[in-house]
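> sequence first, then the predicted structure, then my questions.
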Amino acid sequence: MSETPVFSTAAVAAPHPAVAETGLTILAAGGNAVEAAVAMAASAAAVRPRAAGLGGDGFWLVREPGGKVYALDASGPAGSQATIRRCRDKGFEAPPLEGPEACLTVAGAVGGWILALELARALGGRLPLDLLLGDAIRLARQGSGPVEPAVSAPGTGAPRPVPQAAEGALPVPAAPGAAPEAPPLSPMLADTLGQLAHAGLGDFYRGDVGREIAADLERLGSPVLRRDLEGHRARAVEPLAIRLRAATLFAPPPPSQGLAVLLAAGILDRMAVRRTEGADLQHALIEAVKRAYAVRDRVVADPWEVPQDPVSFFRAGWLEREAAAAAADRAGAFATPVPPQGRSLWIGCVDRDGLAVSCTHGLGPEGGSRSLLPATGILWHARGMGFSLDPGGWNPLEPGRRPFHALAPVLAAFDGGRVLAFGAGGAEEPQVEAQLFARHAQAGLSLAEALEAPRWALLPGEGGGPGILRIEAGFDPSLARELDRRGHRVEEEESGEVAGAFGEAGMLVKSPGDGRVAGAWDPRSGGAVLGL
């Protein structure tokens, strides 16, 4: 097992070493954690363009040293012409995932950076925008080698190849209106970032960059119009918070699926189970996730259309009833109608003052919609996957409505004063995050141990059949057999399978006494933790 690095005053965690270097540079220049996180998100767009970027969405959690927590919803709404009828008329039975018709929603990520920097200024941040975007511009212009690192299974050392792109190129299949085989993405993106550094981030929606984006979207035939961009603003929202035995756990509200992380942790917290790593804890957590997903699948949707207040599930009695209903010796049923949610990237930062940031960005499916906007080098996302084309069903597509979102950064404040920022990318963020929190906060594993431990992922069965408990290579065989005995349909990951549902995650924790920050990054990917 690896040791957890510990830094004297501050640290960053990021999905690529160059992104972590960006964050460290900003902290060393006197920037605060929010400024560093914005700079890292911009650099991630240059070196991990298939997973996140200016054409995607984001969600943020920010905790002041005094304890106040902010949540930022940087998701974009469906465009003015994004309707069920339009999709049906074009022959789609479900929201499209590739090509111009998949460009159903406004990209909200940059709006989140705008709002985050307003908060950063209110908290004492003073660094200029050209400095914050400087690394991203350089990385985009010169490239940084392979932008998608190989992913390996803990304990195996065997690389699991992920499609790579050299010098910022994006290798995606050519299709009408989609990105060609290897477009010169980075130089165009560098020019766009340079314009934003000069004119301000608002230019993305309401300036020259916005005009170029709107013109390209129109030429491609996207339902997102210029007025949709001009009218977009990220939203400061009240974070969800759940009280646990020795901590308070925070996540963004809908349309983020952060509710599922909190409910899984809350149900597990109320179960009569030993707080040690083993079959009892893992079985209990699996059952807690199933019950959390059942709520998520009927509640998490456009924030103005949620059928039930998410906070109602935290009130006295509900969590206890769910915990009591989960059998300790047998697996319950599992079926989820929510579709897989693609890839994403988590970024974390804790500065010398104790300001903590946990944020996640993504494009939806890997490569987003695969629609590259030629004038700006921006790859547009495909968040329409979070809608349905059933007018009377779950979160139906409508202009202005926000899609269901996989992005779910998390923060925890422990009773002793420790602050934990953590999160995961991948298709099943809540499951990965629930496992990390249980292993660290309840089983007592270090950050590195919690991240290295082999994971499981609950996946829907084929054709609506029984759910599958997919386990990573290296998973304890005796633990797998015991879970199978309790009725879980255990399957080992296929040879060479990309991490996908198992995610790539990071964790940072700030200690209250000496102010030191411990951090670790997932061995499944090529991320890094750096500090001062």
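That came through fine.

> pLDDT weak spots in the protein?
Applying pLDDT under 70 to the chain flags the ranges 1, 143-186, 338-341, 463-465, 495-501.

> how is it divided into domains?
Following automatic domain parsing, one gets these domains for the chain: 15-143+182-236+352-386, 239-341+407-531.

> export the ones you listed as JSON lines, with columns for distance to Gly392.
For the C-beta atoms, the positions are set from N, CA and C on the backbone; glycine is no exception. Shown next, in JSON lines, are these (distance: least, CB to CB, whole Å):
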{"stretch": "domain 15-143+182-236+352-386", "distance to Gly392": "11"}
{"stretch": "domain 239-341+407-531", "distance to Gly392": "13"}
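
> and the ones you listed, which is most packed in?
domain 15-143+182-236+352-386 (a mean of 23; mean count of other CB atoms under 10 Å).

> end to end, how far does that domain reach?
End-to-end distance of domain 15-143+182-236+352-386 (CA to CA, to the nearest Å): 24 Å.

> go on, stretch 231-247?
Distance between the two ends of stretch 231-247: 39 Å, counting by CA to CA.

> distance from the chain centre to the longest helix along the chain, please.
When the chain is parsed with DSSP state H, its longest helix is helix 279-299. Centroid separation for helix 279-299 versus its chain: 19 Å, with CA atoms, centre = their mean, to the nearest Å.

> which elements pack onto the host helix or strand of Ala20?
Element membership for Ala20 (DSSP states H and E) is helix 17-28. Counting contacts by 3 or more CB pairs under 8 Å, 6 or more residues apart in numbering; DSSP states H and E, helix 17-28 is packed against strand 11-14, helix 33-47, helix 134-142, strand 343-350, strand 528-531.

> that one vs helix 33-47, what angle?
150 degrees (axes from the mean of the first three to the mean of the last three CA atoms, to 10 degrees).

> helix, strand or coil for Thr248?
At Thr248 the chain is in strand, as set by DSSP: H, G, I helix; E, B strand; the rest coil.

> measure it to Ile242 for me?
7 Å (CB to CB, to the nearest Å).

> sorry, back to before: who wins for proximity to Asp309 among the helices and strands packed on helix 17-28?
Among the helices and strands packed on helix 17-28, strand 343-350 comes nearest to Asp309, with 26.2 Å by CB to CB.

> each with direction, which strands does that closest one pair with?
According to DSSP bridges, strand 343-350 has the following sheet partners: strand 11-14 (antiparallel), strand 356-364 (antiparallel).

> tabulate those strands (TSV), appending distance to Gln308.
Shown next, in TSV, are the strands paired with strand 343-350 (distance: least, CB to CB, whole Å):
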stretch	distance to Gln308
strand 11-14	34
strand 356-364	24
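
> what bridges to Val350?
Applying DSSP bridges to Val350, the residues it is bridged with are Ala11, Ala356.

> that one: what's it in contact with?
Counting by CB atoms under 8 Å, 6 or more residues apart in numbering, Val350 makes contact with 10-11, 33, 356-357, 419, 421, 508, 510, 517.

> apply 10 Å and report the result again.
By CB atoms under 10 Å, 6 or more residues apart in numbering, Val350 lies in contact with 7, 9-13, 27, 33, 36, 63, 65, 356-358, 419-421, 508-510, 515, 517-519, 531.

> sorry, back to before: need the helices and strands packed on helix 17-28 in a markdown table (columns: distance to Asn395).
Listed next are the helices and strands packed on helix 17-28 as a markdown table, based on distance: least, CB to CB, whole Å:
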| stretch | distance to Asn395 |
| --- | --- |
| strand 11-14 | 31 |
| helix 33-47 | 26 |
| helix 134-142 | 33 |
| strand 343-350 | 19 |
| strand 528-531 | 36 |
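
> of these, which is nearest Ala457?
So among these, strand 343-350 is nearest, using CB to CB, at 14.1 Å.

> state the distance from Ile323 to Ala284.
Careful, residue 323 is Ala; it's not Ile. Ala323 sits 9 Å away from Ala284, going by CB to CB.

> what touches both of the two?
Taking CB under 10 Å, 6+ apart as the criterion, Ala323 and Ala284 both touch 267-268, 271-273.

> just checking, what packs against the longest helix of the chain?
For helix 279-299, the contact count by 3 or more CB pairs under 10 Å, 6 or more residues apart in numbering; DSSP states H and E identifies helix 258-269, helix 318-325, helix 429-437, strand 456-459, helix 477-485 as packing neighbours.

> which elements pack onto the first one?
Spelled out, that is helix 258-269. Contacts defined by 3+ CB pairs under 10 Å, 6+ apart place helix 258-269 against strand 240-243, strand 247-251, helix 279-299, helix 318-325, strand 410-414, strand 419-424, helix 429-437.

> same check, this time on the fourth one
Where contact means 3+ CB pairs under 10 Å, 6+ apart, strand 456-459 is packed against helix 279-299, helix 429-437, strand 468-471, helix 477-485, strand 490-492.

> at 8 Å instead, please
Using 3+ CB pairs under 8 Å, 6+ apart: strand 456-459 touches helix 279-299, helix 429-437, strand 468-471.

> chain center to that strand, what's the gap?
In terms of CA atoms, centre = their mean, the centre of strand 456-459 is found 17 Å from the chain centre.

> which one, of the strands paired with strand 343-350, ends up nearest to Ala102?
When those are ranked by proximity to Ala102, the top entry is strand 356-364, at 8.3 Å, counting by CB to CB.

> let's see that closest one as CSV, backbone CA atoms only.
In CSV, the C-alpha atoms belonging to strand 356-364 read as follows (Å, rounded to 0.1, in the frame of the first residue of the first chain):
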residue,chain,number,x,y,z
ALA,A,356,-11.5,24.1,0.4
VAL,A,357,-12.8,23.4,-3.1
SER,A,358,-14.3,20.2,-4.6
CYS,A,359,-15.5,20.5,-8.2
THR,A,360,-16.3,18.2,-11.1
HIS,A,361,-16.5,18.9,-14.8
GLY,A,362,-17.6,16.7,-17.7
LEU,A,363,-18.8,16.4,-21.3
GLY,A,364,-21.2,13.5,-20.8
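
> what packs against the next helix-or-strand element following it?
For strand 356-364, the following helix or strand on the C-terminal side (DSSP H and E) is strand 371-373. Judged by 3+ CB pairs under 8 Å, 6+ apart, the packing partners of strand 371-373 are helix 208-220, strand 378-380.

> partner strands of strand 371-373, parallel or antiparallel?
The strands that strand 371-373 pairs with in its sheet are strand 378-380 (antiparallel) (by DSSP bridges).

> of the strands paired with strand 343-350, which is nearest Ala408?
strand 356-364 (6.7 Å).

> just the angle between the closest one and strand 247-251, please?
40 degrees.

> got the angle between strand 356-364 and helix 429-437?
Angle, strand 356-364 to helix 429-437, by the same axes, to 10 degrees: 150 degrees.

> quick one on the thing from earlier: any chance of the shared contacts of Ala323 and Ala284 in CSV, plus distance to Pro454?
Listed next are the shared contacts of Ala323 and Ala284 as CSV, based on distance: CB to CB, whole Å:
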residue, distance to Pro454
Ile267, 23
Leu268, 19
Met271, 22
Ala272, 26
Val273, 20
